[in-house]
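Chemist: fold the following and give me the result.
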Amino acid sequence: MSPMILIVMAFSLCMGTLITLSSSHWLLAWMGLEINTFAIIPFMAQNQSPRTMEAATKYFIIQVTAATILLFASISNAWLVGQWSMQQMNHPLSLIMMYTALALKLGLAPMHAWFPEIMQGLNFPTGLLLATWQKLAPLSIMMQLPTNNHSSTMLILLALLSIMMGGWGGLNQTQLRKILGYSSIAHLGWMSLVVQYMPSLTFMAFLLYVVLTFSTFLIFWHNKTSTINALSTSWMKMPTISAISPLILLSLGGFPPLTGFIPKWMILSELTKQDLIFVATMAALSTLLSLYFYLRLSYAMALTTPPNNLPALLPWRIKFLQPMLPLATSAVISLCALPLAPAILALFTL
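Modeler: Purely as a prediction, here's the structure:
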């Protein structure tokens with residue numbers, strides 16, 4: 001991809017998200033989502049291999065379907081209620097259709113099967129964009145939507161199912177990009193669980209998820225590994241990062257007293273205040289599934305040394321062509337952001 005096309009696509013990607021974030025009219029929000037979708041497709045298809053073209057085509061079909069449902073729900077609400085504002089999505093049928101479209105865009109279960117498959121066809125930088133930046137615009141719309149009894153129940157069921165399927169689906173995977181895809185599904189389930197009660201907590205959880213996921217993707221990208229078996233040679237290639245990586249992975253799983261524990265603990269506390277004891281219990285038990293495959297990755301990366309069953313030549317320490325400053329910065333923030341989490345939440349609630 002030429003530098004000029006790269007700049008144009010990156011600018012369009014940012015502008016599409018910012019248009020959706022700053023709009024209160026459904027047509028403007030839909031337009032921002034469409035710009036966002038079309039801007040990331042060249043990043044997906046830049047390698048020109050059959051697997052990446054398949055991933056880009058699948059992503060295009062899924063996002064167009066979700067955008068069509070979203071546009072139809074907004075038009076139906078405008079026809080029935082006479083309002084185009086996001087905060088005036090009052091008709092129950094239109095509201096349920098809107099949550100369905102946003103769940104499809106975000107990859108919430110049971111509409112999640114496309115996300116790990118597309119992640120598997122992408123390289124790590126593009127997969128990082130798909131798992132973080134592309135979630136921001138639909139999540140911001142979900143934070144602005146009103147709720148009623150039916151949509152509230154639907155959102156809780158979608159969130160619980162996403163937490164469960166995100167953990168269950170990643171148990172039997174050996175491909176790192178698919179594991180990170182299921183990890184994203186589980187984390188989005190946690191964010192959706194509390195979005196109707198405390199949107200600022202959802203945004204804080206999303207911010208910490210972005211920092212932790214950014215570090216994890218960069219670690220695997222610098223390590224040049226795509227499977228769990230290949231992680232067993234990490235100790236010889238990059239010993240310092242291999243020592244830090246288990247802490248970041250366990251933080252993604254919500255293991256106390258690491259950074260990823262604080263958003264899960266605060267979400268469970270908020271659910272308890274809302275008298276949703278059973279929902280909080282199910283979410284806490286379901287996250288143990290995700291913690292298992294994070295432990296599996298940590299074991300393969302830090303506690304496994306050759307000789308092992310890897311049928312390949314043992315690599316030696318490699319010279320990195322990519323800059324290491326982003327990984328170093330994000331790793332420090334990932335490990336040290338736990339005391340700052342209450343201050344971040346207070347900042348978002350102003």
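
Chemist: right, and residue 69 touches residue 94 too?
Modeler: No. Using Cβ atoms under 8 Å, residue 69 is not in contact with residue 94; the gap is 10.7 Å. For glycine as for every other residue, the C-beta is placed from the backbone atoms N, C-alpha and C.

Chemist: what's the single longest helix in the chain?
Modeler: helix 50-81 (DSSP state H).

Chemist: what comes up buried for that one?
Modeler: Along helix 50-81, these residues count as buried under the neighbour rule (16 or more other Cβ atoms under 10 Å): 52, 54-56, 58-60, 62-63, 66-67, 69-71, 73-74, 76-78.

Chemist: run through the neighbouring helices and strands of whatever helix or strand residue 333 lives in.
Modeler: With secondary structure defined by DSSP states H and E, residue 333 is part of helix 325-336. Contacts defined by 3 or more Cβ pairs under 8 Å, 6 or more residues apart in numbering; DSSP states H and E place helix 325-336 against helix 199-223, helix 239-252.

Chemist: next SSE downstream of it?
Modeler: Downstream of helix 325-336, the next assigned helix or strand under DSSP H and E is helix 341-348.

Chemist: what's in contact with that following helix?
Modeler: Under the criterion Cβ atoms under 8 Å, 6 or more residues apart in numbering, residues 200, 201, 203, 204, 207, 208, 259, 262, 263, 266, 337 lie in contact with helix 341-348.

Chemist: check stretch 286-304 too.
Modeler: Applying Cβ under 8 Å, 6+ apart, the contact partners of stretch 286-304 are 160, 163-164, 166-168, 170-171, 173, 176, 179, 182-183, 186, 190, 228-229, 231-232, 234-235, 242-243, 245-246, 249-250, 252-255, 264.

Chemist: need the mean per-residue confidence for the longest helix of the chain.
Modeler: With pLDDT averaged residue by residue, helix 50-81 scores 92.

Chemist: can you name the element that comes right after it?
Modeler: Stepping forward along the backbone from helix 50-81, the first helix or strand reached (DSSP H and E) is helix 92-106.

Chemist: any idea which of the helices and strands packed on helix 325-336 is most buried?
Modeler: Burial of those is given as mean neighbour count (mean count of other Cβ atoms under 10 Å); helix 199-223 ranks first at a mean of 22.

Chemist: now the element after it, going C-ward?
Modeler: helix 234-237.

Chemist: residues near residue 127, how many?
Modeler: Burial of residue 127, expressed as a neighbour count using other Cβ atoms under 10 Å, amounts to 25.

Chemist: so where's the stretch 201-350 of the chain uncertain?
Modeler: Low-confidence segments of the stretch 201-350 of the chain (pLDDT under 70): 305-322, 348-350.

Chemist: quick one: list the elements packing against whichever strand or helix holds residue 20.
Modeler: According to DSSP H and E, residue 20 maps onto helix 3-22. With contacts defined as 3+ Cβ pairs under 8 Å, 6+ apart, the packing partners of helix 3-22 are helix 26-44, helix 133-144.

Chemist: would a markdown table of those helices with distance to residue 12 and mean pLDDT be doable?
Modeler: Putting the helices and strands packed on helix 3-22 into a markdown table (distance: least, Cβ to Cβ, whole Å; pLDDT from 0 to 100) gives the following:
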| stretch | distance to residue 12 | mean pLDDT |
| --- | --- | --- |
| helix 26-44 | 4 | 93 |
| helix 133-144 | 12 | 93 |
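
Chemist: take those and write them to a markdown table, including distance to residue 111 and mean neighbour count.
Modeler: Listed next are the helices and strands packed on helix 3-22 as a markdown table, based on distance: least, Cβ to Cβ, whole Å; neighbours: other Cβ atoms under 10 Å:
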| stretch | distance to residue 111 | mean neighbour count |
| --- | --- | --- |
| helix 26-44 | 16 | 20 |
| helix 133-144 | 12 | 21 |
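
Chemist: now tabulate those in TSV and tack on distance to residue 323.
Modeler: As requested, those are exported to TSV (distance: least, Cβ to Cβ, whole Å):
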stretch	distance to residue 323
helix 26-44	19
helix 133-144	19
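
Chemist: out of the contacts of helix 341-348, which two sit at the greatest distance?
Modeler: The span of these, defined through Cβ to Cβ, is set by 200 and 259 at 17.8 Å.

Chemist: pull the distance from the longest helix of the chain to the chain's centre.
Modeler: Its chain's C-alpha centre lies 19 Å from the corresponding centre of helix 50-81 when counted by Cα atoms, centre = their mean, to the nearest Å.

Chemist: for stretch 204-216, same thing?
Modeler: Centre-to-centre, stretch 204-216 and its host chain are 8 Å apart (Cα atoms, centre = their mean).

Chemist: got it, and stretch 33-47?
Modeler: Mean C-alpha position of stretch 33-47 versus that of the full chain (Cα atoms, centre = their mean) differs by 17 Å.

Chemist: before we move on, what about stretch 28-38?
Modeler: Relative to where its chain is centred, stretch 28-38 has its mean C-alpha point 19 Å off (Cα atoms, centre = their mean).

Chemist: for that stretch, output the C-alpha coordinates as CSV.
Modeler: Extracted C-alpha coordinates of stretch 28-38, given in CSV (Å, rounded to 0.1, in the frame of the first residue of the first chain):
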residue,chain,number,x,y,z
LEU,A,28,-25.0,10.9,10.6
ALA,A,29,-24.2,7.9,13.0
TRP,A,30,-24.9,5.5,10.2
MET,A,31,-22.8,7.4,7.7
GLY,A,32,-19.9,7.4,10.2
LEU,A,33,-20.2,3.6,10.6
GLU,A,34,-20.1,3.1,6.8
ILE,A,35,-17.0,5.3,6.4
ASN,A,36,-15.4,3.3,9.2
THR,A,37,-16.2,0.0,7.5
PHE,A,38,-15.0,1.0,4.1
